[in-house]
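[1] Following is a predicted model, sequence given first.
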Amino acid sequence: MLKIGVIGLGKMGMLHMINATRFRNVVIVAAADASKKRLHNAAVLGAKNLFSDFRELLELDLDAVIISLPNFLHRESIELALENGMNVFVEKPMARTTEECRSIVNAVEKSGRKLMVGHCMRFFDMVREMKGTLDNGNLGQLENVTLENIVSGPFSYGDIPQPVPEWWFDPEKVGGGALLDIGYHLIDLYRFFAGDCHLLSSHLKHKFNMPVEDTAIAVVQSDKSSSSGIIHVGWYQQMVLSRNDMRVILHGDYAYISSEQFEPSNVYAYAIKEGVKNVFRKIGGRRIRPLTFSQHLDAYEQELKHFFNCLEKDLEPSVTAIDGLRTLEVIEEAYRRDKRVIVGD
Amino acid sequence: MSLVEAKNQDELAKYVSKALSLLDLKLDKSIKKVVIKPNLCYYWSAATGYTTDPRLVEAIIDVIRENYGQHLDIKIAEADASAMRTKHAFQMLGYTKLAERKEVELVNLSKDVIEERKVTVNGVKLSYQIPKLLLEADLFVNVPKLKVMREVAITCALKNLFGAIAYPRKVEYHPNLNEAIIGVCTILKPDLTIVDGLIALGRVPFRLNLIMASADPFSIDWIAAQIMGYNPSKIKFLRIAVKEELVDPKNIAAVGENISKFARAFPRNNYFTSKLLYNTQLGLLKIYNKVIADSVSRSMEEQ
């Protein structure tokens, strides 16, 4: 049985915790968050040791920790966990800068422990199917990948209105804007399809007059092939009931494939159908399948399942600290070209 | 009250002047302190129909200066909301740049001097933190957005005054929102209301190109409701206003453009259907979350 601690109980941390409770080979023994209310929620989910300071949790004897803290606390918490002999699953981005990422890569090597970064989009059903089609050679030679994802970012508006946490507005604490938040996923996806890449050009926009970008357009080029990628991300979706504005298109010299081909024509009808199935699964005592497409909830479960499987079988996770570093290198290059002050420079 | 079609949005000052000239305004010419209260309910731009267009506020500043002198103390004021922090909204929505350009001051009413006030409306006892700045202004200009709202059908002049309450967590008033809106309007009395109906929000955002103006915010909401396709006498907070004798519908008259011209164009939102659909969806999701527990409910995200 793997003994797990969960650090940071915001939306992502709590989602990981909920998912972790469904694995039979995992027991959540501790949780840490600055909020008492969130700690109470963690206690309801079974965490017995609760801490308002994550550093205290990291003194326990645990197999692994799931870290979903604000970006500026990633490096410190990861390195402390590794020093104390724990394996780490960390939410993306792995850190704010390449300097922090390199430090984490070194810490992983030194500790001999495993680190997996939550590059959840690699675990989307549609992405896996697209990767399979590409790898089978059905598209011919991959020439271009178009990736776009427009979201509300930190500015989504819920039915229980909550202020956006202040660290999102602090460029030093957050480390970047839409490119670091969402572009990070898409750059990693490009790497998933086409291998390592470098930045050709980028354009960062500041529609909301913030120090960090709210929109980014980047063009990347594969290091090993003629394939290029066009990435467009934004935090400018401004609506109460948000839409899943995401698509990936793989253009080969024989055929192309779009993520939209894999999506149900009516996401809501699909969600209702799957939801009803889950209710019957629950009644029948079977394992539920978290809803996909509307929020891609299944991908978060799959990535965690993969991480725990790697711990049990002593395998290297499919997303490592190197993936975090390579992705950050592209982002940081875009920031340098934008004459942005990089944290730590 | 007046209605003006603002066809060319590069000439907003001209349309604001026209809207004011159609009114029989009796404003004191010796004003010194001006406070303008836009609707910055969240960080979403004026193009979405949620927030007041800073270009309209800029035009209002120009018109006020033209009529009352260049050396006025002009402030743009907004209060924090349950999910919005004014300092960020000012920056993100272009008000910080506007303030620098027009040399006016930005004020967060939630951080300013307040007065505690208590009122009873429709049998509901209410207490408020009222910003003194709005009570002491020589010219208090209310600049709401024209939009529908799931909770109370419409939001315009009166709801924008509710937004001026200094206490940020205004969602706590929502169980008695209709009474709370009217309650604050018995305390805060703008000298002028100029409505941003340039991009209005109905079922979807819509370029309505409308500017409305009046010294009476109740009249504004009465006509705004008609434009948005509602019978104002069926809107609860307006019914309460009539009952409390804050407005007499018989005395409301619109000059300028015809109401029906804008009402025909407005993308109507069926209040009851949209509320029912939203609540059903939310209710089902809550039940599903409780039974299946595959996602994080909003209440779990609370700090």
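    Noted; the coordinates are in hand.
[2] Report the buried residues of stretch A:105-113.
    By 16 or more other Cβ atoms under 10 Å in any protein chain shown, the buried positions in stretch A:105-113 come out as A:105, A:107-108, A:111, A:113. Backbone N, C-alpha and C define where each C-beta goes, glycine included.
[3] can you give me the helices in the stretch 101-250 of chain A?
    Counting by DSSP state H, counting those that start in this stretch, the stretch 101-250 of chain A has helices at residues A:125-135, A:171-174, A:178, A:184-194.
[4] The third one and chain B in contact?
    By that I understand helix A:178. No - using Cβ under 8 Å from any Cβ of the partner chain, we find that helix A:178 stays clear of chain B, coming within 13.5 Å at best.
[5] ok, now the first one?
    No - judged by Cβ under 8 Å from any Cβ, helix A:125-135 makes no contact with chain B; its nearest approach is 15.3 Å.
[6] Give me the below-cutoff pLDDT ranges for the stretch 51-200 of chain A.
    In the predicted model, the stretch 51-200 of chain A carries no residue with pLDDT under 70.
[7] domain parsing for chain A?
    Residue ranges for the domains of chain A, per automatic domain parsing: A:2-120, A:122-264+A:323-337.
[8] dump the residue contacts of A:F155.
    When contacts are counted by Cβ atoms under 8 Å, 6 or more residues apart in numbering or on different chains, A:F155 touches A:164, A:235, A:238, B:42-44.
[9] quick revisit: would you turn the helices of the stretch 101-250 of chain A into CSV with distance to B:A263 and mean neighbour count?
    Conversion of those to CSV gives the following (distance: least, Cβ to Cβ, whole Å; neighbours: other Cβ atoms under 10 Å in any protein chain shown):
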stretch, distance to B:A263, mean neighbour count
helix A:125-135, 44, 17
helix A:171-174, 45, 17
helix A:178, 39, 25
helix A:184-194, 44, 24
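[10] I'd like to know how many residues surround the closest residue to A:Y157 other than its chain neighbours.
    Excluding the flanking residues, the one nearest A:Y157 by Cβ to Cβ, 6 or more residues apart in numbering or on different chains is A:V240, at 5.4 Å. Applying other Cβ atoms under 10 Å in any protein chain shown, we find 14 residues neighbouring A:V240.
[11] ok, now which ones touch B:S274?
    B:150, B:203 are the contacts of B:S274 under Cβ under 8 Å, 6+ apart.
[12] tell me the SS of it?
    Taking DSSP: H, G, I helix; E, B strand; the rest coil as the rule, one finds B:S274 in the helix state.
[13] Show me what from the stretch 1-150 of chain B comes close to chain A.
    So the stretch 1-150 of chain B meets chain A at B:42-45, B:48, B:50, B:81-85, B:88, B:91-94, B:96-97 (Cβ under 8 Å from any Cβ).
[14] Quick check, B:A166 in contact with B:E115.
    No - with contact defined as Cβ atoms under 8 Å, B:A166 does not count as touching B:E115 (9.2 Å).
[15] what does stretch B:100-115 rub up against?
    By Cβ under 8 Å, 6+ apart, the list of residues contacting stretch B:100-115 reads B:35, B:58, B:61, B:73-80, B:86-87, B:90, B:95-96, B:98-99, B:129-135, B:164, B:166-168.
[16] Name only those of the residues you listed that count as buried.
    B:35, B:58, B:61, B:74-80, B:86-87, B:90, B:95-96, B:98-99, B:130-131, B:133-135, B:164, B:166-168.
[17] What score does the residue nearest to A:Y157 have for pLDDT?
    pLDDT, A:V240: 78.
[18] any idea how far it is from B:D80?
    Separation of A:V240 from B:D80 (Cβ to Cβ, to the nearest Å): 19 Å.
[19] can you tell me which of the buried ones among the contacts of stretch B:100-115 are in helices?
    Within these, residues falling in helices by DSSP state H are B:58, B:61, B:86-87, B:90, B:95-96, B:98-99, B:133-135.
[20] Now do the buried residues in stretch A:233-251.
    For stretch A:233-251, by 16+ other Cβ under 10 Å, it's A:233-238, A:246-251.
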